[in-house]
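**Q** 3D, please:
(2 chains)
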Protein chains: 2
Amino acid sequence: MATDVEIALQFSPLPITEISERLGINSDHLHPFGRDIAKIDLKALTQNKQKPGKLILVSATTPTPSGEGKTTTTIGLAQAFSQLNESVCMALREPSLGPCLGMKGGATGGGYSQIMPADRINLHFTGDFHAITSANNLVSAAIDNHIYQGNDLGIDPRQIVWRRVMDMNDRSLRNIVLGLGGKMQGIPREGGFDITAASEVMAMLCLAEDAEDLKRRLDRTLIGYTYASEPVYAAQLKITGAMMALLRDALQPNLVQSFEGTPAFVHGGPFANIAHGCNSVIATRMAMQYADWTITEAGFGFDLGAEKFFDIKCRTANLDPDAVVLVTTVRALKMHGGKLKNNLETEDLVAVQQGLGNLDKHIESVAIFNKQPVVALNRFATDTDAEIAIIRERCAAHDVAFAETTHHADGGKGAIELAKAVIRSVTQNAPFKPLYDLDLTVLEKVRAVCKSMYGADDVAFTKDAEKDLKLVQQLGLTHLPVCIAKAPSSLSDDPELHGRPRDFEVTVRSIQINAGAGFLVILTGKIMRMPGLPKEPAANGIQLLKNGVIEGLE
Amino acid sequence: MATDVEIALQFSPLPITEISERLGINSDHLHPFGRDIAKIDLKALTQNKQKPGKLILVSATTPTPSGEGKTTTTIGLAQAFSQLNESVCMALREPSLGPCLGMKGGATGGGYSQIMPADRINLHFTGDFHAITSANNLVSAAIDNHIYQGNDLGIDPRQIVWRRVMDMNDRSLRNIVLGLGGKMQGIPREGGFDITAASEVMAMLCLAEDAEDLKRRLDRTLIGYTYASEPVYAAQLKITGAMMALLRDALQPNLVQSFEGTPAFVHGGPFANIAHGCNSVIATRMAMQYADWTITEAGFGFDLGAEKFFDIKCRTANLDPDAVVLVTTVRALKMHGGKLKNNLETEDLVAVQQGLGNLDKHIESVAIFNKQPVVALNRFATDTDAEIAIIRERCAAHDVAFAETTHHADGGKGAIELAKAVIRSVTQNAPFKPLYDLDLTVLEKVRAVCKSMYGADDVAFTKDAEKDLKLVQQLGLTHLPVCIAKAPSSLSDDPELHGRPRDFEVTVRSIQINAGAGFLVILTGKIMRMPGLPKEPAANGIQLLKNGVIEGLE
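**A** Model prediction:
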């Protein structure tokens, strides 16, 4: 089969103005970025549409190194809706540059289910991540400058919780000492960088309803404590106006199209462990306003991304998906059944059988939110009918719909069966029920997620976490939802436990207060907020060809 | 008078497609960024134009806190050319975000001589600075990762010369210790951040003739030394292909227009002390290809920016300006004559007279390059005729042309006299003569610039600088031009010495080898490669208004 870059070269895009026109967006609200990308003005978002379109959430079983193809399925499914002459639009996250150059490669789908132009979307796109990086780092520069210039607020350099960010996999910046070099060079203190996708500014931009809401969130962001251990908020630094100026355009969703010309809003990209893992509320709303069907995805597995989609995003923004798709693959279930990555191409019915526990758990988890999933089996060429039959039968046993897809090779045509199953499933879905009530204690909320989503027996808080919990109580923020940062590669907090782990306890190591985003980040296991590069980074294989084509981003 | 923001709101832009069409650029080569900005494909740059347009360099006397208005004059002058029905285009630097949020405010001119849209140009613009930041920091991440992953090249962490960058005034990042936190978090070492405008990637992008030339420059960039003190170049890290991918679009010049609709390529923004201080070669060439007159500027005073413009940019790119404008103001000369900033509004003939030495020196300096300046007096409302007469007479004594301008209040009309003087001066300018030959020793080159441009008696090298010099010799790079980093606020290396300092020696503290850019950065005095924020940063006054207008950027 053709490579993604070769397929991208076959692509003949419609002018983005036409994509936007077909959606019914007023051309005055379009700000083109080249021929294939546009930002849409927030003025295009009106509250007066009688009935917004239906919302479909695409999630997946626990990710494995084999790749489940959640984004690819989302794109293929949307293309299938187009082929069925349904009015459809995607709402997706923007890729982070760091992983593109690091381990993961691009994040624009693959094969004939890609969003385009993939190279631009994967690299700087319309600059949203850079704007977020700048806004975030302005806060840091202002904090250190405030201390340097006399420290009127009495900020304690040992108690600053706001970190700098960079959209790069750069482990060496995780822990640094800054302000060295003497009297003229700042005040020495410990600090560090997270990756931009993990920043609270990213989360705030993605949860904001509009510019005013974003400004309110920025203002109330906790950046540290005084020597008297009183909280200090971003508004006190007087730079949230400048942050808004930096974020003005980043708040506008980006419109692109898929290989088959299906529209997609690609906007915001918080990670799904340390942040809440879904595209912006604004993009979702805009898609729902202009299309009958909006297809969106949540990061990582259902336990991480979808749980946050429901308990944080849907609850905050008053959204409710009309259908849920759970993507899985034969290869992924084989890996959950104990096979290694280099050994997935030959039939192994036992491994598939052994891996089913992971699928079982996620199907059960969907039901907790009062929803009925459609299981989408993203079929690879080496999968056998017998392997697939095992999964199909298990879905039947759960009484959930099942559809095979071949959208990677076949585009939208390969997901028609899935699209039909999704449309049928809408009537089976009741209004969503959050996993926990906000007025529970923090411990109760964390326990609820760990027990019902991850299958844990219980939760333990370290001494540090208990100290953090006291702070949350002192600041009166116990009513916030919890955003649990956990290893994505396991249902448990141990990244090595595949399948459906049982008899484990989740250890909470610390709690970060994201007062602006409006959630508490509960850190379990050894969660990195700044990834590192592997020995052979993806960057080593990237080239700019003479014709302007970028090779090696897939 | 109206504020810059109020004037910006009066602006009725021509579609950027029309600006481009008037220049004669094929519409296939236009990549719009919104309605008012476009990137122009490098394919639009052909070598086969019979006779490129004339080039005018705008420089200035030594900058003072009163503001000379060099950029404003450049824009006003270009608008005057338009009013005279001449085919004209500007080639300007992109503003750096750091100073916009810090001390300086925006850098898009002012009054009725602004380039538009000022808010976008001053903030993220088309993302060029962010792309340069990413490309630069990819090198750093790759260096630290290489060491972490086994260090096959044997890079000595104590001898890494490549620094990270951020487009932010953040003094606390000048000197840091990174890689802390234990075995999994990298290798501890000293490091630091410069501002993006000071990065070698910026200089390389601005000096590159095309993508291939940029790749060659990136490949040969010196990033550090091995434990055996052998040089390590960026090509050895295998990431220059990915850097090219990151820089692909940043290499395309940005087209905008002034308040009166005069076209401007705004592209690249290296500082004029630690870097060479002019917009990209590509933008200058493109302007010269499509317009009869190209008006460009060099950073800071003539001694810093223009010297580098001639000795680095013109020599490398085989350019030669047909006219030179030297901008000055009554207020600036008063400050050079000893007055303070808060005391410039009342007539003071003595102070003007005492400040003339600074103008004298720069007029003499222009002649060293075989050129005849036109002195442009940027008139302020409080200037008196008697004050101006003093300057006019001094120019007559030098036998150089003089013109008053009022372009800030009057737009192009206020610079018609200047434009006519510039057109007349073209015949008086001989081919430019560089200040020094490249085959001189480094010391001889530095001495030549310090004596003839700055008026120094001599040059002293510290022990550190002498050690650096040995390295330059060992690497066989003594043939490179010198890029002297000096305080911009004085002709000397002491920032407090105004007017025309005499009887001083310049001390060279260290030498940085910019093998990719192709020059040696000679650091004198205490030059900061990363500015800090003042007690009340410009950011504190920036607001995003409800109508989307950004206030406080001027």
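**Q** Can you name the residues of the stretch 1-150 of chain A sitting close to chain B?
**A** Taking Cβ under 8 Å from any Cβ of the partner chain as the contact definition, the stretch 1-150 of chain A meets chain B at A:31-35, A:39, A:97, A:101, A:119-120, A:123-124, A:127, A:130-131, A:133-134, A:137-138, A:140-142, A:144-145, A:148-150. (Glycine included, C-beta is placed from N, CA and C.)
**Q** Outline the domain layout of chain A.
**A** For chain A, whose domains are defined here by automatic domain parsing, the residue ranges read A:4-13+A:51-116+A:255-428, A:128-247, A:442-524.
**Q** of all those, which lies closest to B:Val521?
**A** Nearest to B:Val521 among those is domain A:128-247 (19.1 Å), distances taken as Cβ to Cβ.
**Q** how long is the closest one end to end?
**A** 8 Å (Cα to Cα, to the nearest Å).
**Q** ditto for stretch A:473-487
**A** With Cα to Cα as the measure, stretch A:473-487 spans 27 Å from end to end.
**Q** same thing with stretch A:113-121?
**A** For stretch A:113-121, the first and last residues are 15 Å from each other (Cα to Cα).
**Q** ok, A:Cys483 touching A:Gly518?
**A** No - A:Cys483 sits out of contact with A:Gly518 when judged by Cβ atoms under 8 Å, with a separation of 9.5 Å.
**Q** Now the common contact residues for these two.
**A** In the contact map built from Cβ atoms under 8 Å, 6 or more residues apart in numbering or on different chains, the residues linked to both A:Cys483 and A:Gly518 are A:Ile312.
**Q** which residue packs closest to A:Ile37, ignoring adjacent ones?
**A** Taking Cβ to Cβ, 6 or more residues apart in numbering or on different chains as the measure, A:Ile37 lies nearest to A:Val256, with 5.6 Å between them; neighbours along the chain are not counted.
**Q** Would you map the helices across the stretch 251-400 of chain A?
**A** A:281-290, A:307-308, A:315-317, A:330-336, A:349-368, A:385-398 (DSSP state H, counting those that start in this stretch).
**Q** Please identify which of those is closest to chain B.
**A** Using Cβ to the nearest Cβ as the measure, helix A:281-290 is the one of the helices of the stretch 251-400 of chain A that comes nearest chain B, at 14.9 Å.
**Q** So what touches that closest one?
**A** Under the criterion Cβ under 8 Å, 6+ apart, residues A:23-25, A:40, A:42, A:44-46, A:49, A:52-55, A:89-91, A:206-210, A:251-253, A:265-268, A:278, A:294, A:296, A:313, A:316-317, A:319 lie in contact with helix A:281-290.
**Q** follow-up on the earlier one: quick one: neighbours of the residue nearest to A:Ile37, just the number.
**A** For A:Val256, the neighbour count with other Cβ atoms under 10 Å in any protein chain shown is 27.
**Q** Repeat that for A:Val506.
**A** Other residues lying near A:Val506 total 25 when counted by other Cβ under 10 Å.
**Q** Give me the phi and psi angles of it.
**A** A:Val506 has phi and psi values of phi -90, psi 130 when expressed as degrees, to the nearest 10.
**Q** Tell me the pLDDT of it.
**A** As summarised for this prediction, A:Val506 has a pLDDT of 96.
**Q** before we move on, what about A:Gln47?
**A** Looking at A:Gln47, the pLDDT reads 64.
**Q** Relative to chain B, how far out is A:Gly109?
**A** A:Gly109 is 19 Å from chain B, where distance means Cβ to the nearest Cβ, to the nearest Å.
**Q** My guess is that residue contacts A:Ile115. True?
**A** Yes - look at A:Gly109 against A:Ile115 with Cβ under 8 Å: they come within range, at 5.9 Å.
**Q** out of these two, which sits in the busier spot?
**A** Per other Cβ under 10 Å, whichever of A:Gly109 and A:Ile115 has more neighbours is A:Gly109, with 30 against 25.
**Q** one step back: which of the residues of the stretch 1-150 of chain A next to chain B fall within strands?
**A** Within those, residues falling in strands by DSSP state E are A:31-33, A:39.
**Q** quick revisit: overlap in contacts, A:Gly109 and A:Ile115.
**A** Common neighbours of A:Gly109 and A:Ile115 (Cβ under 8 Å, 6+ apart) are A:75, A:258.
**Q** Which pair of the ones in strands among the residues of the stretch 1-150 of chain A next to chain B spans the longest distance?
**A** A:Pro32 and A:Lys39 (8.2 Å).
**Q** Tell me which of these two has more neighbours.
**A** Set A:Pro32 next to A:Lys39 and count neighbours by other Cβ under 10 Å: A:Lys39 wins out with 23 against 20.
**Q** what ranges do the helices span in the stretch 51-200 of chain A?
**A** Taking DSSP H, counting those that start in this stretch as the criterion, the stretch 51-200 of chain A carries its helices at A:70-83, A:97-101, A:118-122, A:128-148, A:200-207.
**Q** Serialize these to a markdown table and add fields for mean pLDDT and mean neighbour count.
**A** Supplementary listing: the helices of the stretch 51-200 of chain A in a markdown table, determined by pLDDT from 0 to 100; neighbours: other Cβ atoms under 10 Å in any protein chain shown:
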| stretch | mean pLDDT | mean neighbour count |
| --- | --- | --- |
| helix A:70-83 | 97 | 29 |
| helix A:97-101 | 92 | 26 |
| helix A:118-122 | 94 | 24 |
| helix A:128-148 | 98 | 26 |
| helix A:200-207 | 98 | 29 |
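**Q** Output those helices as CSV; include the columns distance to B:Leu9.
**A** Formatted as CSV, those follow (distance: least, Cβ to Cβ, whole Å):
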stretch, distance to B:Leu9
helix A:70-83, 40
helix A:97-101, 35
helix A:118-122, 32
helix A:128-148, 23
helix A:200-207, 27
